[in-house]
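Q: no letters, just coordinates:
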């Protein structure tokens, strides 16, 4: 009989955690080794259609308004009941909110294997939230970190090292595959970008200042002063977009900086890009870096989180200090002025993603973790029975 797995997803928006969770759902479904279910806290988002295509049945929603009200208690009871009825054996969560809710509900339901996650080092959580998350990590049998840097941070914060497993993000190479009818001219027209420019691109949401688009824009001004035919494509949506547009205008980047919003044509955007950038002040293991490299583009990224676990300095890209727009600009200019070097870096980056960060490698690591934890649970159960039998022999 197949083991029953429940993936608990926060929402179906186009965030990094959500994309990785949806991708894992597809991979597990295609592997056929497990009886898979998916649940969520918020059923909205463009990625929901990808899960529905898998035909997994009901996707229950456990909508929360707070962790500290009666609705939370009701939803926890609902979720625990769902897990018991489905006889779930493994629950896996992917971010702060699903960690808290999912680990509590799975503990109430006495799910044998509970797997939480940590996907960033700094910059996202308040001290109170960190305190709560450490408590729920105590309810988990394992915590998946998506980078060695995240693992080290967890250990520093008191999570036992033997509870942490590093599983890097995986990338489905089809996400950056160029369509057969690819035409640079049509892509430029569709994205609202002008002909005759070389493009430096960044793919990052504009919901949180931690992505630090302002450093990218300051570097862009420096690059524009040195390279006359360069443009800057910013793909991502969020509440900060208007203020970032205004900042770009203050820097004199009118006609150079193009805000694309939510981009459904990431593969094509990367195909027409010459250099790709990540400017974050904090990360776990960036999906964008993997996409850049898989698309064969050289990367200039801030040295945060797991960036140096993906990028080989000087071979597949460059790392710079967070907030250092001068160094970022210097590396971008170097790559724009030496297209052959940029091409070689891109080719090495593509090979590195294929060999080390494929979706298939990620799936194998996840399934290995499942089997290890299930075996440990079985061993604990057998030991408990033996202890009971031993005690009864003395009565």
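A: Arrived safely. Everything numeric in this text was worked out from a predicted model, so none of it was measured. Residues are numbered from 1 along each chain as shown.

Q: what comes up buried for stretch 300-317?
A: Neighbour counts over stretch 300-317 (16 or more other CB atoms under 10 Å) mark 300, 301, 302, 304, 305, 306, 307, 309, 310, 311, 316, 317 as buried. C-beta coordinates here come from the backbone N, C-alpha and C atoms, glycine included.

Q: among those residues, which are in helices?
A: Among those, the members found in helices (DSSP state H) are 307, 309, 310.

Q: in TSV: these, plus pLDDT and distance to residue 275.
A: Shown next, in TSV, are those (pLDDT from 0 to 100; distance: CB to CB, whole Å):
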residue	pLDDT	distance to residue 275
307	95	16
309	94	21
310	95	16
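
Q: adding distance to residue 174, write those residues out as JSON lines.
A: Listed next are these as JSON lines, based on distance: CB to CB, whole Å:
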{"residue": "307", "distance to residue 174": "24"}
{"residue": "309", "distance to residue 174": "23"}
{"residue": "310", "distance to residue 174": "19"}
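
Q: got the domain ranges for this protein?
A: Here the domain parsing of the chain from automatic domain parsing is 3-170+358-390, 179-356.

Q: where do the strands sit along the protein?
A: Along the chain, counting by DSSP state E, strands occupy 3-9, 34-40, 90-93, 113-118, 142-145, 164-166, 198-203, 230-235, 257-261, 273-278, 299-302, 317-320.

Q: ok so, going back, just the ones in helices among the buried residues of stretch 300-317 now: which is nearest residue 291?
A: Among these, residue 310 lies closest to residue 291 (CB to CB), at 10.8 Å.

Q: the closest one contacts residue 284, correct?
A: No. Applying CB atoms under 8 Å as the test, residue 310 and residue 284 come out as separate, 11.2 Å apart.

Q: related to what we said a few turns ago, is it possible to get JSON lines of the buried residues of stretch 300-317 that adds distance to residue 163?
A: Below are the buried residues of stretch 300-317 laid out as JSON lines (distance: CB to CB, whole Å):
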{"residue": "300", "distance to residue 163": "35"}
{"residue": "301", "distance to residue 163": "29"}
{"residue": "302", "distance to residue 163": "29"}
{"residue": "304", "distance to residue 163": "24"}
{"residue": "305", "distance to residue 163": "20"}
{"residue": "306", "distance to residue 163": "19"}
{"residue": "307", "distance to residue 163": "25"}
{"residue": "309", "distance to residue 163": "20"}
{"residue": "310", "distance to residue 163": "24"}
{"residue": "311", "distance to residue 163": "28"}
{"residue": "316", "distance to residue 163": "32"}
{"residue": "317", "distance to residue 163": "32"}
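
Q: a markdown table for the strands of the chain, including mean pLDDT and distance to residue 248?
A: Formatted as a markdown table, the strands of the chain follow (pLDDT from 0 to 100; distance: least, CB to CB, whole Å):
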| stretch | mean pLDDT | distance to residue 248 |
| --- | --- | --- |
| strand 3-9 | 97 | 34 |
| strand 34-40 | 97 | 35 |
| strand 90-93 | 98 | 37 |
| strand 113-118 | 96 | 33 |
| strand 142-145 | 96 | 35 |
| strand 164-166 | 97 | 37 |
| strand 198-203 | 97 | 12 |
| strand 230-235 | 97 | 8 |
| strand 257-261 | 95 | 4 |
| strand 273-278 | 98 | 14 |
| strand 299-302 | 98 | 18 |
| strand 317-320 | 98 | 20 |
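
Q: who wins for proximity to residue 367 among the ones you listed?
A: Closest to residue 367 of the strands of the chain is strand 34-40 (CB to CB; 8.2 Å).

Q: what packs against the closest one?
A: In terms of contacts (3 or more CB pairs under 8 Å, 6 or more residues apart in numbering; DSSP states H and E), strand 34-40 is packed against strand 3-9, helix 16-31.

Q: list the residues that contact residue 172.
A: Counting by CB atoms under 8 Å, 6 or more residues apart in numbering, residue 172 touches 23, 359.

Q: re earlier: dump the helices and strands packed on strand 34-40 to JSON lines, plus mean neighbour count and distance to residue 106.
A: Listed next are these as JSON lines, based on neighbours: other CB atoms under 10 Å; distance: least, CB to CB, whole Å:
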{"stretch": "strand 3-9", "mean neighbour count": "24", "distance to residue 106": "8"}
{"stretch": "helix 16-31", "mean neighbour count": "20", "distance to residue 106": "16"}
